[in-house]
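A.B. asks: Sharing a sequence plus its predicted fold:
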Number of protein chains: 2
Amino acid sequence: MTKDRKLVEEITSMEEDFAKWYTDIVKKAELADYSSVRGCMIVRPYGYAIWELIQKNLDQMFKQTGHENVYMPMFIPESLLQKEKDHVEGFAPEVAWVTHGGSEELTERLCVRPTSETLFCEHYANIIHSYRDLPKLYNQWCSVVRWEKTTRPFLRTLEFLWQEGHTAHETAEEAQEETLRMLDVYAEFCEKILAIPVIKGQKTEREKFAGAKATYAIESLMHDGKALQTGTSHNFGDGFARAFNIQYTGRNNKLQYVHQTSWGVSTRLIGAVIMVHGDNDGLVLPPEIAPIQVIIVPVRQEAEGVLDKAHEIKNRLKNIVRVKLDDSDKMPGWKFSEYEMRGVPLRLELGPKDIEKNQCVAVRRDNRNKLFIPLDEIERRIPELLDEIQADMLEKARDMRDKKTYICRTIDEFITTCEETPGFIKAMWCGNEACEEEIKEKTGATARCIPFEQEKLSDYCVCCGEEAQKLVYWGKAY
Amino acid sequence: MTKDRKLVEEITSMEEDFAKWYTDIVKKAELADYSSVRGCMIVRPYGYAIWELIQKNLDQMFKQTGHENVYMPMFIPESLLQKEKDHVEGFAPEVAWVTHGGSEELTERLCVRPTSETLFCEHYANIIHSYRDLPKLYNQWCSVVRWEKTTRPFLRTLEFLWQEGHTAHETAEEAQEETLRMLDVYAEFCEKILAIPVIKGQKTEREKFAGAKATYAIESLMHDGKALQTGTSHNFGDGFARAFNIQYTGRNNKLQYVHQTSWGVSTRLIGAVIMVHGDNDGLVLPPEIAPIQVIIVPVRQEAEGVLDKAHEIKNRLKNIVRVKLDDSDKMPGWKFSEYEMRGVPLRLELGPKDIEKNQCVAVRRDNRNKLFIPLDEIERRIPELLDEIQADMLEKARDMRDKKTYICRTIDEFITTCEETPGFIKAMWCGNEACEEEIKEKTGATARCIPFEQEKLSDYCVCCGEEAQKLVYWGKAY
């Protein structure tokens, strides 16, 4: 076993170098690769299969909440991008510009979409006339481009895959309901499907989206104590509607502006899965998004009857779970390590002795527990086990996050905590942007969100000591 | 009824102006819309739902034939595009160039992918080392950009959605098998799912893909007698492998080049569906790709029990077919026209008299046939009817194509046929590019393909009168 393990190249341990551990997993689990295009990644089959499972689950949730998919152009004319003042200020510095088509120079530059508010707004202005046309609940799956200086696969790349929902409503109340509904959809998706617990809350003015009235986010905590903004949902009020003149005739027969929202999550979710669940043997995937949920590894497969039995088991399971049988000529120990690296939730080992006893050995990836399952019961026990793994992974992630969540009442405590035990910091805030700035300068931490679940830790702002308005989650972020 | 019909704006008849008929359907069936981005389209919810059904069916066929999905960057550095000589000559004149990222000018221009051979080749050179790494059977769903001068929704746009398969194999034979396998997949998909009959064949040297050794295509015929290249499959031989140095250690322990293929279909398929099946009342969708397969329209819905019964029927059908009940306050005649425009394959009308007789009225979109279905039998009869519609639409399309397929033995016949009765022209060819050129100049028709099913119509080339080598399908093309 020890000798076999070395056949699979080892990865850097996360305690030694977290960033290197992360990229080792990305490369060795064959999730993504680099290309000659700076800052862009190739999403490899295994990584893309995870993305497809994420898409499938989310898309179903979007459709269940009444949303329809559309596809907008990938280019935005410069003049269109400039229509909403805050929005262009936020995005113009980080877009890619197309200046030539074929051999001709364009009369107006086109940017490659960094996000598509402006295109949706232009379209909405064309197709919304009456309250009967509302609400519009659109979503788009696509890739977007932001000209980042430093990049890391899945976390921050020049181009990334995502979905962006864009909706238009009759009233401010409906837009606010939608904004929070989609935040809930994201939170539910993260907890149920990705097994990642999240904090739901509102962004501060400083951290909100360019052009939004209010931005809400779900925030999660990685193994290294850094926070990851995992999804955002924005209420635009009627700001974009005024800039793009999206008016409709209301029930009162008067022309009025629509109220809009947008919300998005991206392949960044895969980065979160790696950094929340992974360990020093590689990826650990929650069963819901595992392209292979069960790997069958025959032991002494040259012995009579072993491969036949392995195939029989695979065939019995294949319509129940995503199962693969590795009957290649590699050694079992190599296979064990390989599928551990790839985070396959459950391994079934099957050798001549197991067959004699009419059982197989099941080894869980998440906690290494080993159990013997009578072969007669696999159709019932394997899906149950996967459900247990899914539930236990969420609990384990929640424990990890809770252990790395600290309460600070003074700025000195705050500074020490940031340095010594990185994690979420819960601290009171006066609501003043100057304090937010100062905290960032002194600690490197930013306001992750003002959580919906408020507590009163003290009466005073952790920074200035003035009267506190809100509890805030702070942290260093990806 | 006559009065109601006018509530839905009429479309131009196809006999009057085929191009306008086409764009009327695209707009009024709400498939796509224009944006302020020249030549780019917005795919609206109804159009995108059709695309999703196309994707779902094709993706399943790709996976069943062993292919995996990946995602490559959307940008290609200019130097990478230039690596294969024929390829760059074919594509460089029609790409969009990114020259600036944020405020900085790039040291090397990036083109927005017009197709991704170069990116796949670069990746394959990195990940293929041994024959054990082969074959690589990759596919990608994405959008690509080609800087076209004149554009039409779905048929030719600056940006379009497509899939591109890219594979690498040990031997030339395997690459050729794959090329033809995927052409068969496309042909089967077109006939079974889109109800569009296709001619399978090889492209002439003049019409083949930039960089390919051989290009194969499926060609279909539109209502106006024009041909549409509906899908292509290319065998690259080892040309790209040599340009990109994709070598592997073979079973004989020697370094050798891989053999590659690529194949693609696009949202153009939606254009084909419109132009093969549509009529003067709008779109006609084959049930397999109809987002709504059955529309229930209550008649006298204010009468007691009608809406209840309509809901009951919808609930009984909803897990069997894609069904919608329109219980809005619009008049039934308006609804009839609306869903005819949208090409919904089957309409169920249900009024008080029908309920009395325990029946509903089913009206087929494809042939207007009306039949009465006992309500007790809908779970069995409705899916049967949809299957009949699907099969009949293929037959009808085949008849249409066969009627518009002509045999020409002289160039004069060829010229007259092209002018008077546009369609496919079957004519013999000497294999000389000069004749291909001359035919194009004289008739406007190009060689669509050299069909696999060869016939000998005469011994002489239709153009020069020299010895004929091949039967060719000719036609004016989109």
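C.D. replies: Great, that's in hand.
A.B. asks: List the buried residues of the helix or strand containing A:E384.
C.D. replies: Following DSSP states H and E, one finds A:E384 within helix A:378-403. The neighbour-count check on helix A:378-403 (16 or more other C-beta atoms under 10 Å in any protein chain shown) flags A:378, A:381-383, A:385-386, A:388-390, A:392-394, A:396-397, A:400-401 as buried. All C-beta spots, glycine's among them, are computed from the backbone N, C-alpha and C.
A.B. asks: Now tell me what touches whichever strand or helix holds A:D59 from outside.
C.D. replies: Assigned by DSSP H and E, A:D59 belongs to helix A:45-64. If you take C-beta atoms under 8 Å, 6 or more residues apart in numbering or on different chains as the criterion, helix A:45-64 is touched by A:26, A:29-32, A:43, A:69, A:139, A:141, A:161, A:163, A:165, A:185, A:188-189, A:193-194, A:265, A:267, A:269-270, A:273, A:285, A:288-291, A:342, B:68-71, B:138.
A.B. asks: Mind checking which of these land in strands?
C.D. replies: Residues of the contacts of helix A:45-64 located in strands (DSSP state E): A:A32, A:V43, A:N69, A:N139, A:W141, A:L161, A:Q163, A:G165, A:V265, B:E68, B:N69, B:Y138.
A.B. asks: Most neighbours among these, which one is it?
C.D. replies: When neighbours are taken as other C-beta atoms under 10 Å in any protein chain shown, the top entry among those is A:V43 (26 neighbours).
A.B. asks: got the contact list for it?
C.D. replies: A:L31, A:A32, A:W51, A:L161, A:T267, B:V70, B:Y71.
A.B. asks: Quick check, the residue in the stretch 351-478 of chain A closest to chain B?
C.D. replies: A:Y478 (20.6 Å; C-beta to the nearest C-beta).
A.B. asks: Tell me how many other residues crowd that residue.
C.D. replies: 17.
A.B. asks: what's around A:S13, how many residues?
C.D. replies: Residues near A:S13, counting by other C-beta under 10 Å, number 14.
A.B. asks: Please apply the same query to A:N319.
C.D. replies: Using other C-beta under 10 Å, the number of residues around A:N319 comes to 8.
A.B. asks: A:V361 - that's part of a strand, no?
C.D. replies: Yes - remark: A:V361 belongs to a strand, assigned using DSSP: H, G, I helix; E, B strand; the rest coil.
A.B. asks: Wait, it touches A:L350, no?
C.D. replies: Yes - A:V361 lies in contact with A:L350 (C-beta atoms under 8 Å); the separation is 7.5 Å.
A.B. asks: higher neighbour count, the two?
C.D. replies: More neighbours surround A:L350 than the other of A:V361 and A:L350, with 24 against 17 (other C-beta under 10 Å).
A.B. asks: Let me see the contact set for that one.
C.D. replies: By C-beta under 8 Å, 6+ apart, A:L350 lies in contact with A:I296, A:V297, A:P298, A:V299, A:V306, A:K309, A:A310, A:I313, A:C360, A:V361.
A.B. asks: can you do 6 Å?
C.D. replies: For A:L350, the contact set (C-beta atoms under 6 Å, 6 or more residues apart in numbering or on different chains) comprises A:P298, A:A310, A:C360.
A.B. asks: From A:L106, how far off is it?
C.D. replies: Separation of A:L350 from A:L106 (C-beta to C-beta, to the nearest Å): 63 Å.
A.B. asks: Likewise for A:E94?
C.D. replies: Distance from A:E94 to A:L106, by C-beta to C-beta: 20 Å.
A.B. asks: What are the contacting residues of the helix or strand harbouring A:E89?
C.D. replies: A:E89 belongs to helix A:85-91 when assigned by DSSP H and E. Helix A:85-91 has contacts (C-beta under 6 Å, 6+ apart) with A:L81, A:Q82, A:P114, A:A210, A:G211.
A.B. asks: Test my guess that A:I407 contacts A:M428.
C.D. replies: No - contact between A:I407 and A:M428 fails when scored by C-beta atoms under 6 Å: they sit 9.7 Å apart.
A.B. asks: shared neighbours, these two?
C.D. replies: A:L457.
A.B. asks: more neighbours, those two?
C.D. replies: Neighbour comparison, A:I407 and A:M428: the larger count goes to A:M428, with 22 against 16 (by other C-beta under 10 Å).
A.B. asks: Touching, that one and A:K456? I think so.
C.D. replies: No - in this structure, A:M428 is not within contact of A:K456 by C-beta under 6 Å, at 7.5 Å.
A.B. asks: Run a quick check on A:T167 versus A:L137, I expect a contact.
C.D. replies: Yes - A:T167 lies in contact with A:L137 (C-beta under 6 Å); the separation is 5.0 Å.
A.B. asks: higher neighbour count, these two?
C.D. replies: Each of A:T167 and A:L137 has its neighbours counted (other C-beta under 10 Å); A:T167 has more, 27 against 20.
A.B. asks: what's the host helix or strand of the more buried one packed up against?
C.D. replies: For A:T167, the host element (DSSP H and E) is strand A:159-169. If you count contacts as 3 or more C-beta pairs under 6 Å, 6 or more residues apart in numbering or on different chains; DSSP states H and E, strand A:159-169 packs onto strand A:136-145, strand A:259-266.
A.B. asks: Report the strands that pair with the first one, each with its relative direction.
C.D. replies: When pairs are called by DSSP bridges, strand A:136-145 turns out to pair with strand A:68-69 (parallel), strand A:159-169 (antiparallel).
A.B. asks: just to revisit the earlier point, continuing past the helix holding A:E89, what's the next helix or strand?
C.D. replies: Heading C-terminal from helix A:85-91 (DSSP H and E), you reach strand A:96-101.
A.B. asks: what comes up buried for stretch A:44-54?
C.D. replies: Neighbour counts over stretch A:44-54 (16+ other C-beta under 10 Å) mark A:R44, A:P45, A:Y46, A:G47, A:Y48, A:A49, A:I50, A:W51, A:L53, A:I54 as buried.
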